[in-house]
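Visitor: Compute the structure for the input listed below.
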Amino acid sequence: MLMEDVATIDERGYVRLTGRKSEFIIRGGKNISAAAVEDAVGTHPGIALVAAVPVPDDVFGERVGVFVVGRQGAAPTLEELVTHLDGAGFSKESFPEHLFVVDDLPRASGGKVAKSLLREEAARRAP
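Guide: Numbering: from 1, shown residues only. Modelled structure (predicted):
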């Protein structure tokens with residue numbers, strides 16, 4: 001296990017890897033799973049692809065930002081997305097506060113989403 005891995009140990013002593021430290025958004029001291037945000041946002045029928053990243057913030061340290069690719073060229077507004085997540089019972093603490101609509105998500109070698117590029121882009125684009 002690498003030092004950046006996040007894990008739990010059950011009552012039988014089994015270790016379960018649950019994520020990586022870099023995959024959490026730390027908003028006001030609360031760890032928010034980027035994967036959980038992506039799973040929830042991905043349930044919106046107007047979203048084809050999503051990647052959640054931290055957006056730097058002077059007050060909370062980081063806020064939740066999502067890059068989305070809309071279906072058939074259209075994506076929901078941030079307000080529409082929050083309404084959808086609220087109706088689905090998603091935790092308000094994890095609601096995205098920044099929405100960036102893009103044509104596609106950048107990929108690293110191997111085909112994974114290049115989140116480091118998205119973090120940089122979010123820092124540039126956020127107000």
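Visitor: roughly how far apart are the most centrally placed residue in the chain and R107?
Guide: In the chain, the residue lying closest to the centroid (CA atoms, centre = their mean) is A52, at 2.1 Å. Counting by CB to CB, to the nearest Å, the separation of A52 from R107 is 16 Å. Where you see a C-beta, it was placed from the backbone N, CA and C, and this is true even at glycine.
Visitor: Tell me, how many residues neighbour H44?
Guide: Number of residues near H44 (other CB atoms under 10 Å) recorded here: 20.
Visitor: Secondary structure of it: a helix, I assume?
Guide: No. Applying DSSP: H, G, I helix; E, B strand; the rest coil, one finds H44 to be coil, outside a helix.
Visitor: can I assume it is in contact with V82?
Guide: No. Between H44 and V82 there is no contact under CB atoms under 8 Å: 10.3 Å.
Visitor: which parts of stretch 105-116 are buried?
Guide: By neighbour count with 16 or more other CB atoms under 10 Å, stretch 105-116 contains the buried residues 105, 113, 115.
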